[in-house]
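K.L.:
Here you go, sequence then predicted model.
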Amino acid sequence: MPDTIAEMRLPTKELRDDIPFFTKTLGMRMDSIYPADDPRTAVFSGHGLRVRVEKDATEAPGTIRILTDAPDEFAGGDRRLVAPNGTVIEVEERNPPMVMPETVHSFVVRRLKDQAPWIIGRAGMHYRDLVPDRLGGSIIASHIRIPDGGPVPDMVHFHKVGFQLIFCIHGWVDVVYEDQGDKMRLTAGDCFIQPPEIRHRVLEASDNVQVIEIGVPAEHVTEIDHDMQLPTPHYRPEREWDGQRFVYNCADGAEWAPFRLPGYICRDTTIAENTKGVAGVQVVRRGEGAPQWASHDTDIHFTFVMNGTLTLEGEGREPFALEQGDAFVIPPGMKTRLSDPSDDVELLEVTLPGTFNTTLA
């Protein structure tokens with residue numbers, strides 16, 4: 001492929017006014033200027049950008065965003081500047097700290113039969129929103145499916161998140177992760193947690209693979225890593241990203257124990273242990289005894305019905321008959337009861353933080 005270069009054209013009324021702004025204020029390099037006797041065009045490069053400032057060009061002046069590790073040291077610390085030609089310059093932090101919104105607690109029930117729309121998202125995947133109000137932006141819970149199996153058009157990428165869970169409920173998907181060896185196959189009942197900024201790539205999926213994805217906070221950035229090749233040469237299972245370890249938890253051979261609520265049993269996915277309590281994930285089935293009314297004190301409590309049926313009762317609420325594909329959120333302090341579970345009921349419970357108290361009524 002021949003060498004190519006791209007540049008953005010910006011208009012100006014008087015080029016001589018823009019030259020000192022782009023070179024001195026913004027610290028860009030002037031690469032060319034012409035004609036010599038009465039310059040009408042100059043080309044500047046810097047900060048990964050090449051701009052062509054042209055007298056009487058018809059485009060709008062536009063906006064240039066400059067991302068830097070030291071915004072207070074750039075252009076005298078101004079966060080918004082306007083060039084003589086009218087171009088707006090916004091100066092922002094290159095890696096701003098992640099903002100965790102305060103949870104806006106609410107009681108949420110999302111039923112599959114309500115026919116929430118499927119939206120086509122990244123890499124052609126279909127997304128169904130399970131918590132429409134997103135609890136004030138504190139969490140996003142998505143039911144994701146890939147209708148047609150085969151290779152997935154994905155790239156090596158990472159997410160700037162506080163916590164992220166991928167739980168497979170149907171089919172299988174192959175994914176490769178940074179420092180975790182060769183590709184791994186996630187099948188129904190298995191889950192990954194993707195620690196903050198771990199590089200990974202989805203490789204291939206079965207027909208109609210379906211997963212539940214939980215992300216905290218709701219709005220977070222996905223960035224492409226064009227340089228990293230996966231799998232990486234080093235295998236480092238003990239590595240931590242922001243205090244969290246990668247988890248690949250398999251359903252096969254899992255041990256079941258009494259759940260925090262009477263009438264149910266659970267298997268622990270080890271996520272609370274490997275995130276140092278940031279989050280907890282349990283798979284729940286029917287056990288011995290009668291379900292009881294209870295409340296909890298954790299900040300976020302999300303449940304997805306993977307199989308079977310049950311009734312969700314809440315104080316001051318009409319009962320909800322739930323079935324496979326339904327989801328609900330219970331706010332802290334609210335008394336609820338999960339009654340009438342079918343023999344084949346199976347639930348996915350996700351809580352943040354992962355360690356909390358349950359009070360039986």
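P.N.:
Looks like it came in fine.
K.L.:
Give me the sheet partners of the lowest-mean-pLDDT helix or strand in the chain and which way each runs.
P.N.:
Scoring the helices and strands of the chain by mean pLDDT, DSSP states H and E places strand 119-120 at the bottom, with a mean of 80. Partners of strand 119-120 in the sheet, by DSSP bridges, are strand 126-129 (antiparallel).
K.L.:
quick one: the partner strand to chain centroid distance?
P.N.:
Strand 126-129 sits 13 Å away from the centroid of its parent chain (C-alpha atoms, centre = their mean, to the nearest Å).
K.L.:
Kindly format the C-alpha coordinates of the helix ranked longest in the chain as CSV.
P.N.:
Ranked by residue count and defined by DSSP state H, the top helix of the chain is helix 15-20. Below are the C-alpha coordinates for helix 15-20, written out as CSV (Å, rounded to 0.1, in the frame of the first residue of the first chain):
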residue,chain,number,x,y,z
LEU,A,15,-3.3,33.2,8.2
ARG,A,16,-0.7,35.4,9.9
ASP,A,17,-2.9,35.6,13.0
ASP,A,18,-3.1,31.8,13.3
ILE,A,19,0.5,30.9,12.9
PRO,A,20,1.7,32.0,16.4
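K.L.:
Show me what it is packed up against.
P.N.:
strand 41-46, strand 49-55 (3 or more C-beta pairs under 8 Å, 6 or more residues apart in numbering; DSSP states H and E). C-betas here are computed from N, CA, C, even on glycine.
K.L.:
could I get those strands as TSV with distance to residue 228 and mean neighbour count?
P.N.:
As requested, these are exported to TSV (distance: least, C-beta to C-beta, whole Å; neighbours: other C-beta atoms under 10 Å):
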stretch	distance to residue 228	mean neighbour count
strand 41-46	26	19
strand 49-55	24	19
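K.L.:
Nearest to residue 18 among those strands would be which one?
P.N.:
With C-beta to C-beta as the measure, strand 49-55 is the member of the helices and strands packed on helix 15-20 nearest residue 18 (5.3 Å).
K.L.:
any chance of the helices and strands packed on helix 15-20 in CSV, plus distance to residue 23 and mean pLDDT?
P.N.:
Listed next are the helices and strands packed on helix 15-20 as CSV, based on distance: least, C-beta to C-beta, whole Å; pLDDT from 0 to 100:
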stretch, distance to residue 23, mean pLDDT
strand 41-46, 7, 97
strand 49-55, 11, 97
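K.L.:
will you turn the ones you listed into CSV that also has distance to residue 302?
P.N.:
Below are the helices and strands packed on helix 15-20 laid out as CSV (distance: least, C-beta to C-beta, whole Å):
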stretch, distance to residue 302
strand 41-46, 46
strand 49-55, 42
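K.L.:
Can you point out the buried residues in the longest helix of the chain?
P.N.:
Judged by neighbour count (16 or more other C-beta atoms under 10 Å), helix 15-20 contains these buried residues: 15, 18, 19.
K.L.:
Name the nearest of those relative to residue 185.
P.N.:
For the buried residues of helix 15-20, the closest approach to residue 185 (C-beta to C-beta) belongs to residue 18, at 56.2 Å.
K.L.:
mind listing what that closest one touches?
P.N.:
By C-beta atoms under 8 Å, 6 or more residues apart in numbering, residue 18 lies in contact with 12, 42, 53, 83, 84, 85.
K.L.:
could you redo the last one with a cut-off of 6 Å?
P.N.:
Going by C-beta atoms under 6 Å, 6 or more residues apart in numbering, residue 18 touches 12, 53, 84, 85.
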